[in-house]
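Chemist: sequence? don't have it. structure:
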């Protein structure tokens, strides 16, 4: 077990190096000129300004030279400087990652809780009204585009009913809690500021539901189908033969087995949403990784693009590791080596 | 042998099971009568699809909802057909234990063997502490001759060998000292040497506890040594029943005789084993009259008219129109 984790942890930087290399060369192959992001348009005709900018950002060097420089800096933890924000990419990411992490964590909690519950309901009342309703709810979440469902929910709950606040992580006049974890809800609690915690939670609610809802569908379908499969197994019959009631058969015997394949999809979705929450972050003005990725792609901000790519890859690697560990924990037949 | 109580432990009258299938209704059991006295061992023999397992699943309420069950099954005089789920939950695993053919798939793979026995115990005795239940589970494993029971209890089913798993399954089924144990092909998935060990465990249970046992098998050899009585099933009906010796030596049914002839023997007979030609009829398309007629070596034209009833024929009960004529032909 420990050796398994250790080996994975050792392999991670190597894999990231590979990802960085691919991302670096892919970015060099684009037709766009990053100078347009650096030099103001009026100055583009001024050869001196252009040459100076090229020299400053290292764009005058040859490709291998630039690659060596980038990787050299990367190993030292330097992701370069963003062309557009003029700040170290690592600082930008450190600012934005906690926001996304908080959002995805909340969204996945919602999705997991609802997905499993509805999946159990759907399987228990197979082909009856509750099954159709549960699957319908899940299907709506998967098929409605987030920019539409997000705006709709904002309109209803924030504008019309006034129950929930508008976009953003906090009210406009509020000051962020001292950054320990970067998750406003947790930091507010750590600071003992209960009203701020409630405020942050209110702001988190809608985007988390919108984002989580898009994943609920996959989880419901998977839980439902694997439950139905498990319910046909011999050991379910054994459980009934020893006098277990239907609730116990479902939750104690069937669900435990049915959740094993579900772990994979939960782990995968978590990693995917780290960089895939773009639309939700845009609709709710959430200052996370997704919106950063979009703005850097627009301005051909290569260091930022590669930085985001690395964060996404790291999320997948870690989520995979966590999934494997959870898998081994849930299924005694799996031995990690 | 223990003195037999005259009132039956379980009494099955005109049990019928019909499955609703996309191809229409399929009658898997067409009127079965059986009874078992306390402490008695009954072997139910038949090919796959003869309905022997379905009949037992029906009385245990373990069939899918697509099955319709009619007739009567009384256990200690209590009617089980149509009994509510809560009543069945109190009965199953407490008064009636059941063991299944494949002990690997019959155990939940993500729970330890000990935990599953503990569950069986605590489901029927809410006052039993976890600690005490665990100790009892270890005792039960020891009782079915599992070595190092305390270590084994903490292991998962896949860490057990096949024979060991079946012993553990028996330990779980007898955890609450049931009066009736239904064993559905308990040795089929096991090696021959292990089969004998399992039969030994079942035999001891019967000797020491006077447990009533219904042994379902397709192997006449298995029941020969273990049962008091045999009921032979074919296509949803009992075609012959009697004591083991009577059925083996004075069978009046060509199907039973075919099964006996197909048994390998240690004493004499160098000739090839005789197989019964053909296959059992489909549930959707049973032949008119006797269901065994198409495969029967002694069938006559009238056999295709009515279903033969189970009647006394010599020392056994047989459902064959030619039972009287078969008296002349030695088994």
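Modeler: Thanks, I have it. Quantities reported herein were computed from a predicted structural model and do not represent experimental measurements. Numbering: from 1, shown residues only, chains lettered A, B, ... in the order given.
Chemist: contacting residues for whatever residue of the stretch 1-150 of chain B ends up closest to chain A?
Modeler: Nearest residue of the stretch 1-150 of chain B to chain A, counting by Cβ to the nearest Cβ: residue B:93, 3.4 Å away. (Glycine included, C-beta is placed from N, CA and C.) Going by Cβ atoms under 8 Å, 6 or more residues apart in numbering or on different chains, residue B:93 touches A:241, A:242, A:243, A:244, B:120, B:123, B:124, B:173, B:175, B:176, B:178.
Chemist: Ramachandran angles for it?
Modeler: phi 80, psi -10 (degrees, to the nearest 10).
Chemist: between the contacts of residue B:93, which is closest to residue A:163?
Modeler: Top of the list for closeness to residue A:163, among those and by Cβ to Cβ, is residue A:244 at 42.7 Å.
Chemist: Report the contact partners of the nearest residue to that closest one once chain neighbours are set aside.
Modeler: Sequence neighbours aside, residue B:123 is the residue nearest to residue A:244 in space, at 6.0 Å (criterion: Cβ to Cβ, 6 or more residues apart in numbering or on different chains). Residue B:123 sits next to A:242, A:243, A:244, A:248, B:89, B:93 when contact means Cβ under 8 Å, 6+ apart.
Chemist: Farthest-apart pair in these, please.
Modeler: A:248 and B:93 (11.9 Å).
Chemist: so the residue nearest to the spatial centre of chain B bridges to which residues?
Modeler: A centroid search over chain B (Cα atoms, centre = their mean) returns residue B:216, at 2.3 Å, as the residue closest to the centre. For residue B:216, the beta-bridge partners are residue B:44, residue B:184 (DSSP bridges).
Chemist: and it, what does it touch?
Modeler: Here residue B:216 is in contact with B:43, B:44, B:52, B:53, B:56, B:182, B:183, B:184, B:185 (Cβ under 8 Å, 6+ apart).
Chemist: Can I get the residues you listed in TSV including pLDDT, distance to residue A:295 and neighbour count?
Modeler: Shown next, in TSV, are the contacts of residue B:216 (pLDDT from 0 to 100; distance: Cβ to Cβ, whole Å; neighbours: other Cβ atoms under 10 Å in any protein chain shown):
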residue	pLDDT	distance to residue A:295	neighbour count
B:43	95	78	27
B:44	96	75	28
B:52	92	72	28
B:53	92	66	22
B:56	94	69	21
B:182	95	70	27
B:183	94	70	28
B:184	92	66	23
B:185	90	67	20
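Chemist: what's the neighbour count on the residue nearest to residue B:96 when sequence neighbours are not counted?
Modeler: Setting aside the residues directly before and after it, residue B:96 is nearest to residue B:180 in space (Cβ to Cβ, 6+ apart), at 4.7 Å. The local packing of residue B:180 (other Cβ atoms under 10 Å in any protein chain shown) involves 21 other residues.
Chemist: Double-check residue B:180 against residue B:98; I have them as touching.
Modeler: No. Contact criterion Cβ atoms under 8 Å: residue B:180 and residue B:98 do not qualify, at 9.1 Å.
Chemist: so the residue of the stretch 1-150 of chain A found nearest chain B, which of the three states?
Modeler: The stretch 1-150 of chain A approaches chain B most closely through residue A:126 (10.4 Å), counting by Cβ to the nearest Cβ. Secondary structure, DSSP: H, G, I helix; E, B strand; the rest coil: residue A:126 is coil.
Chemist: Output the longest helix belonging to the chain.
Modeler: No chain in the question, so chain A it is. helix A:194-231 (DSSP state H).
Chemist: To clarify, I was referring to chain B.
Modeler: helix B:192-209.
Chemist: List of residues touching that one?
Modeler: Contacts of helix B:192-209 (Cβ under 8 Å, 6+ apart): B:39, B:41, B:144-145, B:162-163, B:166-167, B:170, B:174, B:177, B:181, B:183, B:186-187, B:190, B:211, B:213, B:215, B:222, B:225-226.
Chemist: Residue numbers of the stretch 151-300 of chain B in contact with chain A?
Modeler: For the stretch 151-300 of chain B, the residues in contact with chain A (Cβ under 8 Å from any Cβ of the partner chain) are B:156, B:158, B:169, B:172, B:173.
Chemist: Which parts of the stretch 101-250 of chain B are strands?
Modeler: Secondary structure of the stretch 101-250 of chain B (DSSP state E, counting those that start in this stretch): strands at B:180-184, B:212-217, B:229-234, B:237-243.
Chemist: I'd like those strands laid out as CSV, including distance to residue A:307.
Modeler: Formatted as CSV, the strands of the stretch 101-250 of chain B follow (distance: least, Cβ to Cβ, whole Å):
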stretch, distance to residue A:307
strand B:180-184, 62
strand B:212-217, 67
strand B:229-234, 73
strand B:237-243, 76
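Chemist: Show me the one of the ones you listed that comes nearest residue B:74.
Modeler: Set against residue B:74 and scored by Cβ to Cβ, those come closest in strand B:180-184, at 12.2 Å.
Chemist: Give me the helices and strands touching the closest one, please.
Modeler: Using 3 or more Cβ pairs under 8 Å, 6 or more residues apart in numbering or on different chains; DSSP states H and E, the elements in contact with strand B:180-184 are helix B:52-59, strand B:96-99, helix B:192-209, strand B:212-217.
Chemist: what do you get if the cut-off is 10 Å, keeping everything else the same?
Modeler: Secondary-structure packing of strand B:180-184 (3 or more Cβ pairs under 10 Å, 6 or more residues apart in numbering or on different chains; DSSP states H and E): strand B:41-45, helix B:52-59, strand B:96-99, helix B:162-173, helix B:192-209, strand B:212-217.
Chemist: tell me the angle of that strand relative to strand B:212-217?
Modeler: Counting by axes from the mean of the first three to the mean of the last three Cα atoms, to 10 degrees, strand B:180-184 lies at 10 degrees to strand B:212-217.
Chemist: now the angle from strand B:180-184 to helix B:192-209?
Modeler: 170 degrees.
Chemist: Report the distance from strand B:180-184 to the chain centre.
Modeler: 6 Å (Cα atoms, centre = their mean, to the nearest Å).
Chemist: Next: stretch A:146-157.
Modeler: 20 Å.
Chemist: just for the stretch 151-300 of chain B, where's the confidence low?
Modeler: Scanning the stretch 151-300 of chain B for pLDDT under 70 picks out the ranges B:266-271.
Chemist: check which helix or strand covers residue A:115.
Modeler: Residue A:115 is located in helix A:89-124, with elements delineated by DSSP states H and E.
Chemist: swap in residue A:265?
Modeler: Applying DSSP H and E as the criterion places residue A:265 in helix A:255-276.
Chemist: Run the contact check for that helix versus chain B.
Modeler: Yes. Helix A:255-276 reaches chain B (Cβ under 10 Å from any Cβ of the partner chain) through A:256, A:257, A:259, A:260.
Chemist: Now the buried members of those residues.
Modeler: Among these, those classed as buried by 16 or more other Cβ atoms under 10 Å in any protein chain shown are A:256, A:257, A:259, A:260.
Chemist: Could you tell me how far the last one is located from residue A:225?
Modeler: When Cβ to Cβ, to the nearest Å is applied, the distance between residue A:260 and residue A:225 equals 13 Å.
Chemist: repeat for the second one
Modeler: Residue A:257 sits at a distance of 13 Å from residue A:225 (criterion: Cβ to Cβ).
Chemist: do the same with the first one
Modeler: Separation of residue A:256 from residue A:225 (Cβ to Cβ): 16 Å.
Chemist: quick one: the nearest residue to residue B:229 once chain neighbours are set aside from residue B:217, how far?
Modeler: Nearest residue to residue B:229 in three dimensions, chain neighbours excluded: residue B:42, at 5.1 Å (Cβ to Cβ, 6+ apart). Per Cβ to Cβ, residue B:42 is found 11 Å from residue B:217.
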